[in-house]
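Q: I'd like to go over a predicted model; first the sequence, then the structure.
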Amino acid sequence: MFENMNIVLGITGGIAAYKSCGIINYLKKEKANVKVIMTEHAKQFITPLTIETLSKEKVITNMFERPNYMEVEHISLANWADIFLIIPATANIIGKIANGIADDMLSTTIIATRSLVIFAPAMNNKMYENIIVQNNIKRLKEFGYQFIEPAIGYLACGYEAKGKLPKNEVIINKVKQLIKENINKNNG
């Protein structure tokens, strides 16, 4: 299903950032083209070098880094993407997109894309349940953005609650389902 598909993976600054490595591995084995944008906070949890090694692509971290070629990078990436995955999606990135804030490479590219965008939230349960976060998720769903529900499990803060990034197999299966639904919607 993912062969020759262009996928932009956005990694944000949550403890679950390391789990994106397994997603990249799976997508690459399935012969997907994967480019990664990491937020500055994501780099506190996992290094760009790790992601570059797995994706075989330069990781984009800085909106104002000058590339060796002249193009508007966030627009070219937005146009290139067939699918846009945000794994993990923090309350911060969800809030930015829900309110049209484009102040870094990831938020700017998400706002510029017309591709299928799928968020996989992962955060403390109290943050996830916060009415502001829930309203931001509701708003994004109304705009057509898709979400993978967080799992119930042991969180980094020590709680057992909803907010955990689901297992990679669950994420991949949900992404496949959403792609099929999107194709059917666009063809019907």
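A: Okay, I see it. Numbering: from 1, shown residues only.

Q: Next one, pLDDT for Ile131 please.
A: At Ile131, the model reports a pLDDT of 98.

Q: Just give me the neighbour total for it.
A: By the criterion of other CB atoms under 10 Å, Ile131 has 7 neighbours. In short, each C-beta sits where N, CA and C put it, glycine included.

Q: For Ile137, see how far away it is.
A: When CB to CB, to the nearest Å is applied, the distance between Ile131 and Ile137 equals 11 Å.

Q: what's the next secondary structure element after the helix or strand containing Lys126?
A: The secondary structure element spanning Lys126 is helix 125-129 (assigned by DSSP states H and E). Moving toward the C-terminus from helix 125-129, the next helix or strand (DSSP H and E) is helix 131-142.

Q: Which positions in the longest helix belonging to the chain come out as buried?
A: As assigned by DSSP state H, the longest helix anywhere in the chain is helix 168-187. By neighbour count with 16 or more other CB atoms under 10 Å, helix 168-187 contains the buried residues Asn168, Ile171, Ile172, Lys174, Val175, Leu178, Ile179, Asn182.

Q: for those, which one is nearest Glu30?
A: Ile172 (8.9 Å; CB to CB).

Q: Mind checking the pLDDT average for the longest helix of the chain?
A: For helix 168-187, mean pLDDT rounds to 90.

Q: what helices or strands is that helix leaning on?
A: If you count contacts as 3 or more CB pairs under 8 Å, 6 or more residues apart in numbering; DSSP states H and E, helix 168-187 packs onto helix 20-29, strand 83-89, strand 116-121.

Q: Can you check which of these gets nearest to Tyr145?
A: For Tyr145, the closest of the helices and strands packed on helix 168-187 is strand 116-121, at 5.0 Å, according to CB to CB.

Q: still on that earlier bit, please export the C-alpha coordinates of the longest helix of the chain as CSV.
A: Output in CSV follows, covering the C-alpha atoms of helix 168-187 (Å, rounded to 0.1, in the frame of the first residue of the first chain):
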residue,chain,number,x,y,z
ASN,A,168,3.2,0.8,15.8
GLU,A,169,1.0,-1.9,14.3
VAL,A,170,-2.2,0.0,15.5
ILE,A,171,-0.9,3.2,14.0
ILE,A,172,0.0,1.6,10.6
ASN,A,173,-3.4,-0.2,10.4
LYS,A,174,-5.2,3.0,11.2
VAL,A,175,-3.2,4.9,8.6
LYS,A,176,-4.0,2.3,6.0
GLN,A,177,-7.7,2.6,6.9
LEU,A,178,-7.7,6.4,6.6
ILE,A,179,-5.9,6.3,3.3
LYS,A,180,-8.5,3.9,1.9
GLU,A,181,-11.3,6.1,3.3
ASN,A,182,-9.7,9.2,1.7
ILE,A,183,-9.3,7.4,-1.7
ASN,A,184,-13.0,6.3,-1.6
LYS,A,185,-14.1,9.8,-0.6
ASN,A,186,-12.1,11.4,-3.4
ASN,A,187,-13.3,8.9,-6.0
